[in-house]
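Engineer: build me a model from this:
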Amino acid sequence: MGKLQSKFRKRSELYRASQGEKADNAFDSQVVQYEPAHQGSVNTVTNLSPNLCVSGGSDQAVVVYDWTQGRMCQSFQGHNREVTKVVCYPGSTWIFSASRDKTVLMWDLNQGDEPIQEFCGHELVVNGVAISPEGRKLCTGSRDNWMCLWDIESAKCEQRHNISRNLVTHVCWVPGSSSIVQTSEDKTIRVWDSRAWQVTNTFPAKQYIQTHCDVSSNGNYLVSSSNGFGGQGCEATLWDLRQPGCKVVEYRGHIQTTACCVFLPTPPGGTAQVATSSHDSSVKVWDQNTAVCLGTLSLDGAGPLIALAPTDSSSLLCASFNNGLHHIQVSQGSNQAQGSGAGSGGAGGLDIKVVARF
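Structural biologist: Okay, the predicted model is just below:
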């Protein structure tokens, strides 16, 4: 049997904003507009340092941007198809970018504008990339059903494993462990042992394709997101990694595919929270344990909101299909924020607003 066809491919004609939707509204006058990081849609964003982010998009560029100053620091050109994922190794200037050109490139912000390493071997788009906690190994996953483990220094593929129908959508390395978690278009979540390069646990299949996953900083919990339409599916799910396959709660409220789900840093004395972004152009913040929606931000005309990157407990970056990157601020508020680009709701009374766009 041939490979599964993708069921959540983005359809640009559905999401491209009309000229009317692009018109500034009253709220937009309060949003700082910086130099755009990309030309076209932004597929992925992550943090490199407290003030620098890295993003990739349909323009095939990997961009390092100072989002606090609104200044582009570097634009790496090396891929010949759109960039799907970027990851950085904490405390370093290393950047890894995956692409539809079937490769992963490694960059160093301090070593010029050419890639310092190239990881080749996949046969289809690479959707998952993760770095081991000690920074020596790289895990990649693709729609070609292969999960690969690479030595970063030599760019040699040390382990490969093919599982039928395992069209990988995202990969996460569990902090401080040898375990890797990956989501797939076959609706399942798999936990891998990076030492034996074998699947140690497969979670019960969800009803819809699993689009993304994230692991809590203590390594105890996993959150995954589902595609869907018309409110069917579209949820995020919290799992307990200490009891593999144990579903804790579901976060329901999006009406189209939930493209990204992340754990937010918990402030001292604060409540653990999860954030999700969706093709319905909204970002939601949830109480991690009760699944209560604490606040919603609607970005009308932005199209699918494809990726999130928390910068601290009160702000995060959001990648969109139509309107570039957004710096979003989360605060305890009055529940009076209104209009496109501002939102509130839920028992927690969070105010969520866009403060800058780039």
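Engineer: where does the spatially most central residue of the chain land on pLDDT?
Structural biologist: By Cα atoms, centre = their mean, the chain has its centre lying nearest to Ala307, at 3.9 Å. pLDDT for Ala307: 98.
Engineer: which non-adjacent residue is nearest it?
Structural biologist: Ala319 (4.1 Å; Cβ to Cβ, 6 or more residues apart in numbering). For every residue, glycine as well, the C-beta is placed using N, CA and C.
Engineer: please apply the same query to Leu149.
Structural biologist: Among residues not flanking Leu149 along the chain, Gln159 sits closest, at 3.9 Å (Cβ to Cβ, 6+ apart).
Engineer: re earlier: next up, identify which helix or strand the residue nearest to the centre of the chain is on.
Structural biologist: Take DSSP states H and E as the rule and Ala307 turns out to sit in strand 305-312.
Engineer: angle of the next helix or strand after that strand against strand 305-312?
Structural biologist: Sequence order places strand 315-320 as the next helix or strand after strand 305-312, per DSSP H and E. Put simply, strand 315-320 runs at 160 degrees to strand 305-312, going by axes from the mean of the first three to the mean of the last three Cα atoms, to 10 degrees.
Engineer: other residues contacting strand 315-320?
Structural biologist: In this structure, residues lying in contact with strand 315-320 by Cβ atoms under 8 Å, 6 or more residues apart in numbering are 41-45, 47, 53, 55, 57, 67, 262, 264, 275, 277, 281, 283, 299, 302-311, 325-330, 355.
Engineer: repeat for stretch 243-257
Structural biologist: With contact meaning Cβ under 8 Å, 6+ apart, stretch 243-257 is reached by 8, 191, 200-204, 211, 221, 226-231, 233-240, 261, 274, 276, 278-280, 282, 284, 286, 289-291, 293, 296, 304.
Engineer: buried subset of the residues you listed?
Structural biologist: When the contacts of stretch 243-257 are checked for burial by 16 or more other Cβ atoms under 10 Å, the buried set is 8, 191, 203, 211, 221, 226-228, 233-239, 261, 274, 276, 278-280, 282, 284, 286, 291, 293, 296, 304.
Engineer: quick check, pLDDT for Gln30.
Structural biologist: If you check Gln30, the pLDDT there is 88.
Engineer: do the same with the one 10 residues further on
Structural biologist: Residue-level confidence at Gly40 comes out at 96, pLDDT.
Engineer: number of residues surrounding it?
Structural biologist: 16 (other Cβ atoms under 10 Å).
Engineer: excluding chain neighbours, give the residue nearest to it in space.
Structural biologist: Ser58 (3.9 Å).
Engineer: for the one you found, give its distance to Ser298.
Structural biologist: Ser58 is 23 Å from Ser298, where distance means Cβ to Cβ, to the nearest Å.
Engineer: again, but for Lys187
Structural biologist: Distance of Lys187 to Ser298, computed by Cβ to Cβ: 28 Å.
Engineer: shaky segments in the protein?
Structural biologist: The chain contains residues with pLDDT under 70 at 1-29, 334-348.
Engineer: where do the helices sit along it?
Structural biologist: Ranges of helices in the chain, per DSSP state H, are 12-15, 19-22.
Engineer: wait, Ser313 touches Gly269, no?
Structural biologist: No - using Cβ atoms under 8 Å, Ser313 is not in contact with Gly269; the gap is 10.9 Å.
Engineer: more neighbours, these two?
Structural biologist: More crowded of Ser313 and Gly269, by other Cβ under 10 Å: Ser313, with 14 against 5.
Engineer: mind listing what that one touches?
Structural biologist: The contact partners of Ser313, by Cβ under 8 Å, 6+ apart, come to Leu264, Pro265, Thr266, Pro267, Gly270, Val330.
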